[in-house]
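Visitor: The following comprises the amino acid sequence and a computationally predicted model.
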Amino acid sequence: MTAKQRQRLPRRVREQQIIDAAVQVFSKRGYHAAVVDEISELAGISKPMVYLYLGSKEGLFIACIRRESERLRSAFREAAEAGGDSPETRLWAGLRAFFAFVTEHRDSWVVLYRQASELGDVIAAEVVQARRSVTDEVVALVRAGIAEREDSRLGGKDAGFVGHVLVGAADSLTDWMERHPEEDADRVALRLMNIVWVGMRQVLDGETWAPPAGP
């Protein structure tokens, strides 16, 4: 591709190419060791143009977080919306999509959660927002499941609690999946559903656990 052809690319397309390259370099090198020269070379654009489009190395990293978190959230939402009529099947479809995304886009996950949480307040705030957007999707599905039960013993706060449990478990299970490559995305999603959703259903039916009385 000639320089003239590169200049004709729409800004949005060029930015996506830069972010594609940045995700690869950041995931491979880490934020501090990554250099914009390598990103620009991989993207096929000059280093000054990278700065012109995205402002700084930190701005580039934040752009990566925003795009990849939106991709993850969209994958979850679209799968959930197509997952059937019940909150249970929609959550199952969403969890499958979540673990499939992590498996298929490992570089993205490394940038989003392995590195970003260690890189200062501005970047950490972006990660918090990204996590919250996914959590909100999960909480909405759990709340819908609770609302379907006329005799439900759970309420809105419980939906928030269960949603955070699910997202926290899903996060930690991505590390577990690296150590257990024989466990595919669907299998992990199914095991998590069995632990959390079946347990919640038992609570909805009135079954609860209490610690034994002390001596």
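Guide: Great, that's in hand.

Visitor: Name the nearest residue to the residue nearest the centre of the chain, ignoring sequence neighbours.
Guide: Nearest residue to the geometric centre of the chain (Cα atoms, centre = their mean): residue 72, 4.7 Å. Sequence neighbours aside, residue 101 is the residue nearest to residue 72 in space, at 5.4 Å (criterion: Cβ to Cβ, 6 or more residues apart in numbering). In short, each C-beta sits where N, CA and C put it, glycine included.

Visitor: so which helix or strand takes in the one you found?
Guide: Under the criterion of DSSP states H and E, residue 101 resides in helix 87-104.

Visitor: Which elements pack onto that helix?
Guide: Secondary-structure packing of helix 87-104 (3 or more Cβ pairs under 8 Å, 6 or more residues apart in numbering; DSSP states H and E): helix 57-81, helix 106-109, helix 120-147, helix 156-179, helix 185-204.

Visitor: now those as TSV including mean pLDDT and distance to residue 36?
Guide: Listed next are the helices and strands packed on helix 87-104 as TSV, based on pLDDT from 0 to 100; distance: least, Cβ to Cβ, whole Å:
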stretch	mean pLDDT	distance to residue 36
helix 57-81	90	6
helix 106-109	78	18
helix 120-147	84	16
helix 156-179	86	28
helix 185-204	85	34
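
Visitor: Just put those in CSV and tack on distance to residue 12.
Guide: Putting these into CSV (distance: least, Cβ to Cβ, whole Å) gives the following:
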stretch, distance to residue 12
helix 57-81, 11
helix 106-109, 19
helix 120-147, 20
helix 156-179, 30
helix 185-204, 30
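
Visitor: With respect to residue 87, which of the ones you listed lies nearest?
Guide: Judged by Cβ to Cβ, the one of the helices and strands packed on helix 87-104 that comes nearest to residue 87 is helix 120-147, at 3.7 Å.

Visitor: Show me what the closest one is packed up against.
Guide: Secondary elements touching helix 120-147 (3+ Cβ pairs under 8 Å, 6+ apart): helix 57-81, helix 87-104, helix 156-179, helix 185-204.

Visitor: now with 6 Å?
Guide: Packing partners of helix 120-147 (3 or more Cβ pairs under 6 Å, 6 or more residues apart in numbering; DSSP states H and E): helix 57-81, helix 87-104, helix 156-179.
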